[in-house]
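> The sequence isn't on hand, but the structure is:
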């Protein structure tokens, strides 16, 4: 295995991460609209991307260990230093990946906040439509009618 194989794998990973970022941007719009059906489809697509990224990561680790067998799980920087001709390309892809991953992270944080706000709005709307019972007394529930001869007080005055 060579560094060229690693460059190819890293390039595929970069493309998948860019596509994952586009999904995160679409997710923001869908959450704003409240379209749950579209959100479910997008989440399935996102999961497929994550599966492919994990598979490529395993390939990258395998190739990296074959390039530098003395070092278990060598970093991309160590591999780049060991391979002169692919060094610049590997480091550029690494920098691009770091940039895209940070954009994905910030977009996902925004999406999480939007979902949280949506849940709060739903709970607020639900409380307006279905207010909770405010009576916390020990007596009979508010909807129960009194039976004939039943005392209203704590003690029966007829006794």
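Received it, and whenever you're ready, just let me know what you need. Quick caveat: nothing in here was measured; it's all calculated off a predicted structure.
> contacting residues around the residue nearest the centre of the chain?
For the chain, the residue sitting closest to the mean C-alpha position, by CA atoms, centre = their mean, is residue 108 at 6.1 Å. With contacts taken as CB atoms under 8 Å, 6 or more residues apart in numbering, residue 108 has the following neighbours: residue 24. Where you see a C-beta, it was placed from the backbone N, CA and C, and this is true even at glycine.
> Look at it and report its pLDDT.
Residue 108 is assigned a predicted lDDT (pLDDT) of 94.
> Please report the number of neighbouring residues for residue 76.
A total of 16 residues lie near residue 76 under the criterion other CB atoms under 10 Å.
> pretty sure it contacts residue 90?
Yes: look at residue 76 against residue 90 with CB atoms under 8 Å: they come within range, at 6.0 Å.
> Find residues that contact each of these two.
With contacts taken as CB under 8 Å, 6+ apart, residue 76 and residue 90 have residue 10 as neighbours in common.
> Least confident secondary structure element in the chain?
Lowest by mean pLDDT, DSSP states H and E among the helices and strands of the chain is helix 76-82, with a mean of 78.
> Which strands and helices lie in contact with it?
In this structure, helix 76-82 makes packing contacts with helix 3-33, helix 36-67, helix 87-129, judged by 3 or more CB pairs under 8 Å, 6 or more residues apart in numbering; DSSP states H and E.
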